[in-house]
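Just to be clear, the model below is a prediction. Sequence and coordinates:
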Amino acid sequence: MKKLVSKSEKETFDIGFKIGEKLHPGSVVALLGDLGCGKTALTRGIGAYFDVQNVVSPTFTLVNEYKSTIPIYHFDAYRIDSEGWIDAGFDEYLFADGICIIEWADNLNGILPENTIKITITKNLDNGDNYREVTIEGVDF
Amino acid sequence: MTTGHILAIESSCDETAAAVLEFGGGFNVRSNIIASQIELHKIYGGVVPEIASRKHIESVTKVAQQALIEAGVGFDKIDAVAVTYAPGLVGALLVGVSYAKSLAFSLKKPLIPVHHIEAHICANFISSPDLKPPFVCLVASGGHCTVALVESYTDYHVMATTRDDAPGEAFDKIARVLGLGYPGGPAIQQAAENGRASAFSFPQVQFNDSLDFSFSGVKTSVINMVHNFTQKDNPVPVEDIAASFQQAVCEVLADRLEACAKKANVKNIALAGGVASNTLLRKLCKERAERQGLGFYCPPPVLCTDNAVMIAARAYFDFIKGKFGGLDLNAIANLDIAKM
């Protein structure tokens, strides 16, 4: 487990970029954290590592697909539970050729692969509005 | 003059809609049926995709039937079947696409695939027959934020788009944080009526190298403010925050629309999409237009929300050009209109 500190959206992006180096086809990244903590910013960093520059919020479409050397599938599971996830056929993405990044993955308990990389972003307002702790589990970092 | 009827189907998000549009000597809306799922999704605070798809399946034939009944025409009077094929929730889009394909095939009539964002813009041609390209239009909704240059009735180019959240999505998320319920747009607008727009100053992001939007900064800033109030056990000034947040978002939208109009050197600006129903946004855009000596156009709220009349209107311009879709038409979740 690795704990990093971010003090700005840019630093969160940079952490994402570094996480990108560790990912390969089949990687699943579970992103946990409250609204506005930087889940999409971190995903933009991962995308940038793979030369994808147009990562936007997947809230409306639930999944955005980005073509790169490795396809990137970016999910928002806020309005989905495990049953809905399987019904929608999203399960197939997990065992395909790409990298899956899943925001609000806490709604999908029990159905993500065992080797899922878990990234938790937490705020601590005592240390300022932009202070974030980024905890990374499941990958050497 | 060609006259006829287009039957259009829209199912990209949480409304199942069908409409009959008569053309020839202008547009005549013969029917506009919308089965909304908002009540259903309220309990979840947003659209639930699986529920949405199933509801579309239950509704689509009934809604289409109702559109024909209200229009007073039978299938024999339909000259083309139009349908939204992108962008949106893929499961929801597929319901409309499959229905429209089967209908077009059995009626032996052309199938016309329509891009949802272009269709929103075309709602303006229904409400304002005097509006003619070129003009610049802001399409703002729960899933979209695009300023498009409309060069002709069939040429649309993106001038600016969001780099993170759509404005309607920001309204939904902030309404959730403020405990105002879903959908967030009307809820924020109502709360803002009793608040002071100048109470707080939230960030309005502008990039040096482009006219793109970003709403994640304002979202995070509001959330931090709410957390700071609650952490200190102070009451959250919900109405002031709602008013100040709404002001920040609408000012950015209006400013950027004005900047795009200048850049494209057009004489008219227009609004479209669900967020175009917001009265503050309409007011700010109208002021910007007057300041620049531009014409200002905006559809009535019934044509701003997702509907099928706008789908038929966009389809008409392909119909007269003979541009049709095949039965291999597929639904596409993310598809930009052409980038400039």
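Done, it's in.

quick one: secondary structure of whatever residue of chain A ends up closest to chain B?
Nearest residue of chain A to chain B, counting by C-beta to the nearest C-beta: A:Phe60, 3.1 Å away. Quick note: C-beta positions are derived from backbone N, CA and C, even for glycine. Of the three states, A:Phe60 takes coil under DSSP: H, G, I helix; E, B strand; the rest coil.

and the spatially closest residue to it that is not a sequence neighbour, what pLDDT?
Leaving aside its sequence neighbours, A:Phe60 sits nearest to B:Gly143 (C-beta to C-beta, 6 or more residues apart in numbering or on different chains; 3.1 Å). Note for B:Gly143: predicted pLDDT of 87.

Let me see the contact set for B:Gly143.
A:59-61, B:13, B:87-88, B:166, B:168-169 (C-beta atoms under 8 Å, 6 or more residues apart in numbering or on different chains).

what residues does chain A put near chain B?
A:9, A:34-38, A:40-41, A:54, A:56-57, A:59-65, A:78-80, A:84, A:87-88, A:123, A:125, A:129 (C-beta under 8 Å from any C-beta of the partner chain).

make it 6 Å
A:35-36, A:40, A:56-57, A:59-62, A:64, A:79, A:84, A:87, A:125, A:129 (C-beta under 6 Å from any C-beta of the partner chain).

Please pull out the lowest mean pLDDT helix or strand from the chain.
Let's take chain A. One helix or strand of chain A scores below all others by mean pLDDT, DSSP states H and E: helix A:82-87, with a mean of 81.

not what I meant, chain B
Per-SSE averages on chain B (mean pLDDT, DSSP H and E): minimum helix B:38-42, a mean of 69.

which of the residues of chain A next to chain B has the most neighbours?
In terms of neighbour count, A:Thr40 stands highest of the residues of chain A next to chain B at 28 neighbours, by other C-beta atoms under 10 Å in any protein chain shown.

Can you tell me the SS state at that residue?
A:Thr40 is classified as helix under three-state DSSP.

Is it correct that it is in contact with A:Val56?
No - counting by C-beta atoms under 6 Å, A:Val56 is not a contact partner of A:Thr40; they are 7.6 Å apart.

which neighbours do those two share?
B:Asp164 (C-beta atoms under 6 Å, 6 or more residues apart in numbering or on different chains).

what distance separates the helix or strand B:Asp255 falls within from the centre of its chain?
Assessed by DSSP states H and E, B:Asp255 sits inside helix B:238-264. Helix B:238-264 has its C-alpha centroid displaced from the chain centroid by 17 Å (C-alpha atoms, centre = their mean, to the nearest Å).

do the same with stretch A:36-50
For stretch A:36-50, the distance to the chain centre is 7 Å (C-alpha atoms, centre = their mean).

do you know how far the closest residue to A:Asn115 other than its chain neighbours is from A:Met1?
Leaving aside its chain neighbours, A:Asn115 sits nearest to A:Gly138 (6.5 Å; criterion: C-beta to C-beta, 6+ apart). Counting by C-beta to C-beta, to the nearest Å, the gap from A:Gly138 to A:Met1 is 9 Å.

Can you tell me which of the contacts of B:Gly143 lies closest to B:Glu258?
Proximity of the contacts of B:Gly143 to B:Glu258, judged by C-beta to C-beta, is greatest for B:Ala166, which lies at 19.8 Å.

tell me the domain ranges of chain B?
According to automatic domain parsing, chain B comprises the domains B:4-123+B:304-319, B:133-298.

Point out the most buried one among those.
domain B:4-123+B:304-319 (a mean of 22; mean count of other C-beta atoms under 10 Å in any protein chain shown).

A:Glu83: neighbour count?
So A:Glu83, with other C-beta under 10 Å, has 10 neighbours.

coming back round to it: have a look at A:Gly138 and A:Met1 and say which one is more surrounded.
Using other C-beta under 10 Å as the criterion, A:Gly138 and A:Met1 rank with A:Gly138 on top: 17 against 10.

What backbone torsions are found at that one?
A:Gly138 has phi and psi values of phi 100, psi 10 when expressed as degrees, to the nearest 10.

now do B:Pro87
Torsion angles, degrees, to the nearest 10, at B:Pro87: phi -90, psi 170.

That one contacts B:Asp336, correct?
No - using C-beta under 6 Å, B:Pro87 is not in contact with B:Asp336, being 8.2 Å away.

got the residues of the stretch 151-300 of chain B near chain A?
Residues of the stretch 151-300 of chain B lying near chain A (C-beta under 6 Å from any C-beta): B:164-165, B:169, B:173, B:219-220, B:223-224, B:227, B:231.

Low-confidence regions, the stretch 51-200 of chain B specifically.
Nowhere does the stretch 51-200 of chain B drop to pLDDT under 70.

Let me see the residues that make contact with the helix or strand containing B:Ala270.
Using DSSP H and E, B:Ala270 sits within strand B:268-272. With C-beta under 6 Å, 6+ apart as the test, strand B:268-272 has contacts from B:120-121, B:123-124, B:135-139, B:257, B:261, B:285, B:289, B:294-298.

What is the subsequent helix or strand relative to it?
helix B:279-292.

Show me what that following helix is packed against.
helix B:238-264 (3 or more C-beta pairs under 6 Å, 6 or more residues apart in numbering or on different chains; DSSP states H and E).

what do you get if the cut-off is 10 Å, keeping everything else the same?
strand B:135-140, helix B:184-192, helix B:238-264, strand B:268-272, strand B:295-297, helix B:301-304 (3 or more C-beta pairs under 10 Å, 6 or more residues apart in numbering or on different chains; DSSP states H and E).

Give me the sheet partners of the fifth one and which way each runs.
The pairing partners recorded for strand B:295-297 under DSSP bridges are strand B:268-272 (parallel).

quick one: the strand it pairs with to helix B:279-292, angle?
Angle, strand B:268-272 to helix B:279-292, by axes from the mean of the first three to the mean of the last three C-alpha atoms, to 10 degrees: 170 degrees.

Kindly format the C-alpha coordinates of strand B:268-272 as CSV.
Extracted as CSV, the C-alpha positions of strand B:268-272 are listed here (Å, rounded to 0.1, in the frame of the first residue of the first chain):
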residue,chain,number,x,y,z
ASN,B,268,-27.1,35.5,-34.6
ILE,B,269,-26.7,33.4,-31.5
ALA,B,270,-29.0,30.6,-30.2
LEU,B,271,-29.5,28.4,-27.2
ALA,B,272,-30.6,24.7,-27.1
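
Much appreciated, bye for now.
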